[in-house]
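*Asks:* make a model of this:
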Amino acid sequence: AMTPEDTFGLPRDLGDSLTLRWATPDDAEAVAQFNLAMHSDPPGEEKFLYHWTHDLMRGDHPTTKADDFTVVTDADGRIVSSLNLISQTWAYDGIPFAVGRPELVATLPEYRRRGLVREQMTVIHRKSAARGELVQAITGIPWYYRQFGYEMGLDLGGSRQLFWARPGNDEKVETEPYHLRPATADDIPLLQELYLAHLGHSLISRLRSPEQWRYEMFGSHPESIWTLKLKIIQTSDDKIVGYVSYDPFGTAIEITELGVRPGHSWRAVGRFLLRYLRQEAAALNPGRAADKQLTNLTFNLGQAHPIYEALEPELEKQIRPYSWYVRVPDIPAFLRHIAPALERQLAGSVMAGHTGISKINLYRSRFVMVWEDGRLKEVTDGYEYERLEHGDANFPDLTFLQLLFGFRSYDELNAAFVDCYSRDATTRVLLRALFPRRPSHVIPLG
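*Replies:* Model (predicted):
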């Protein structure tokens, strides 16, 4: 039997005949129908939500089971609110860290504004902490998750488009240098290498274990948006040069992953895909509605990706990224965890070999970084102060998280928030050196 520590105090009576409890496998169909009804836009059409819920609750997902879902039920046992936790491993400049991803958050309209999501978030955060997850991250509607300790502070999405009707994008070649074939389980070791090429210089990324590759390729429902539909790019003599993932979406064929092996031309691969997918679009368009005609290739690969540089002349302007919400309940613990990455960053900067103490004031909390000969010797919680604003650098609310995750530079934050500033010139140079603005492209585990 589970102890109260295992169940984090659930089930719990919330009053008004409402009960908060962990879901069981028997709830899967009801939760799946609830998520389809609550999240689908237009209503009922986005069937992947139904399949995704079943995938997460079935028991064969790499990290998530039915009891990682919370449900609030009424007197009749009907679900009125629910959310879940999908555990995964991300990396900060190569340093792995555990992440809890809350998802599928919804409440029936007549039960909103009663704090039901807050109750569930609190218990999910406790479960995430018990798993050693230093960060929680969620994608969601503007502002809302700020209520639960999250900051919009990490790139989400961002893309470039290529329109086939644009002059020069309709070239023909005598013989194509490459062809595509579906990826198989045998390709997984190679896909790992190609995935790293796809991620490029992304500051934050998700790590994929062989088990996760297998699940994402073959384990989840074929209609789930989280199922990887990967193709291997080969030369005419079957040498592997890269991989790609794409799917028609709206008026675009959307490329969501693209990696090319070192020593091969990204531009040559990109021009091949432009031609190949133009033909695929031409074959699909007769069967598509007038407002769903495929007119363009959308590279949904974040705000910086090697293919953008390779195809720059053919691409339209950047579509700016939205943002992940990130929550870091113990910033000093996270800084200690990623210390090797910070030391590497420092070593390649104008502050190489730095020795000094910097007091960082987050107003509601404070921490001290102690540097010695370019090593982050310690990060301690709190310091003595006489005035609220006392510190070497000050960050209001959760703005420090924007700096930490490369989302905004120190100077951008300083310009946007008058009470974000630094009195100490050395700390200012240190923060610029440690935390330059750096794009990220995180493909989460769904």
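
*Asks:* element containing E223, please.
*Replies:* Under DSSP states H and E, no helix or strand contains E223.

*Asks:* and it, backbone torsions?
*Replies:* Dihedral angles of E223 (phi, psi; degrees, to the nearest 10) stand at phi -90, psi 0.

*Asks:* next one: H221
*Replies:* Dihedral angles (degrees, to the nearest 10) for H221: phi -60, psi 140.

*Asks:* what's the pLDDT at it?
*Replies:* The model reports H221 with a pLDDT of 97.

*Asks:* C-terminal to the longest helix along the chain, what's the next element?
*Replies:* Taking DSSP state H as the criterion, the chain has its longest helix at helix 266-284. Counting by DSSP H and E, the next helix or strand C-terminal to helix 266-284 is strand 296-299.

*Asks:* relative to the whole chain's centre, how far out is the following helix or strand past that next one?
*Replies:* Counting by DSSP H and E, the element after strand 296-299 in chain order, helix or strand, is helix 306-310. Offset of helix 306-310 from its chain centre (Cα atoms, centre = their mean, to the nearest Å): 21 Å.

*Asks:* and helix 306-310, what does it pack against?
*Replies:* Secondary-structure packing of helix 306-310 (3 or more Cβ pairs under 8 Å, 6 or more residues apart in numbering; DSSP states H and E): helix 266-284. C-beta here means a position set from N, CA and C on the backbone, and glycine is covered the same way.

*Asks:* what residues of the helix it packs on count as buried?
*Replies:* Buried positions in helix 266-284, judged by neighbour count with 16 or more other Cβ atoms under 10 Å: 266-267, 269-278, 280-281.

*Asks:* again with stretch 429-440
*Replies:* 429-435, 438-440.

*Asks:* ok, now stretch 392-407?
*Replies:* Buried residues in stretch 392-407 (16+ other Cβ under 10 Å): 392-396, 398-407.

*Asks:* also stretch 249-266?
*Replies:* By 16+ other Cβ under 10 Å, the buried positions in stretch 249-266 come out as 252-261, 264, 266.

*Asks:* mind checking which of these are in helices?
*Replies:* W266.

*Asks:* would you check which pair of the buried residues of stretch 249-266 lies furthest apart?
*Replies:* A252 and R261 (26.0 Å; Cβ to Cβ).

*Asks:* what's the burial count for A106?
*Replies:* 18 (other Cβ atoms under 10 Å).

*Asks:* ignore the last one, D6
*Replies:* Quick note: D6 (other Cβ under 10 Å) scores 12 neighbours.

*Asks:* helix or strand: which one has it?
*Replies:* helix 4-7.

*Asks:* show the average pLDDT along that helix.
*Replies:* 76.

*Asks:* next SSE downstream of it?
*Replies:* strand 12-15.

*Asks:* helices of the stretch 101-250 of the chain, residue ranges please.
*Replies:* 116-130, 188-199, 210-214 (DSSP state H, counting those that start in this stretch).

*Asks:* would you mind getting the angle between the second one and helix 266-284?
*Replies:* Taking axes from the mean of the first three to the mean of the last three Cα atoms, to 10 degrees, one finds that helix 188-199 is oriented at 100 degrees with respect to helix 266-284.

*Asks:* which residues touch helix 188-199?
*Replies:* Identification of contacts with helix 188-199 by Cβ atoms under 8 Å, 6 or more residues apart in numbering yields 183, 205, 208, 210, 213-214, 217, 230, 240, 242-243, 257-262, 301, 305-306, 441.

*Asks:* need the contact partners of stretch 19-39.
*Replies:* 7, 10-14, 43-44, 46-47, 49-54, 57-59, 66-73, 79, 82, 104, 106-108, 116, 119-120, 123.

*Asks:* list the buried residues in it.
*Replies:* In stretch 19-39, counting by 16+ other Cβ under 10 Å, buried: 19-23, 27-28, 30-32, 34-36, 38-39.

*Asks:* now the terminal residues of that stretch, how far apart.
*Replies:* Length of stretch 19-39, first residue to last, Cα to Cα, to the nearest Å: 22 Å.

*Asks:* how distant is it from the center of its chain?
*Replies:* Using Cα atoms, centre = their mean, the offset of stretch 19-39 from its chain centre is 24 Å.

*Asks:* kindly report the same for stretch 431-440.
*Replies:* 18 Å.

*Asks:* do the same with stretch 224-243
*Replies:* For stretch 224-243, the distance to the chain centre is 23 Å (Cα atoms, centre = their mean).

*Asks:* could you tell me the end-to-end distance of that stretch?
*Replies:* Termini of stretch 224-243 sit 20 Å apart (Cα to Cα).

*Asks:* what mean pLDDT would you report for stretch 60-67?
*Replies:* pLDDT averaged over stretch 60-67 gives 98.

*Asks:* buried ones in that stretch?
*Replies:* Buried-residue list, stretch 60-67, by 16+ other Cβ under 10 Å: 61-67.

*Asks:* straight-line length of that stretch, end to end?
*Replies:* 13 Å.

*Asks:* could you do stretch 138-150 as well?
*Replies:* 9 Å.

*Asks:* can you give me the buried ones in it?
*Replies:* Buried, per 16+ other Cβ under 10 Å, within stretch 138-150: 138-140, 145, 148, 150.
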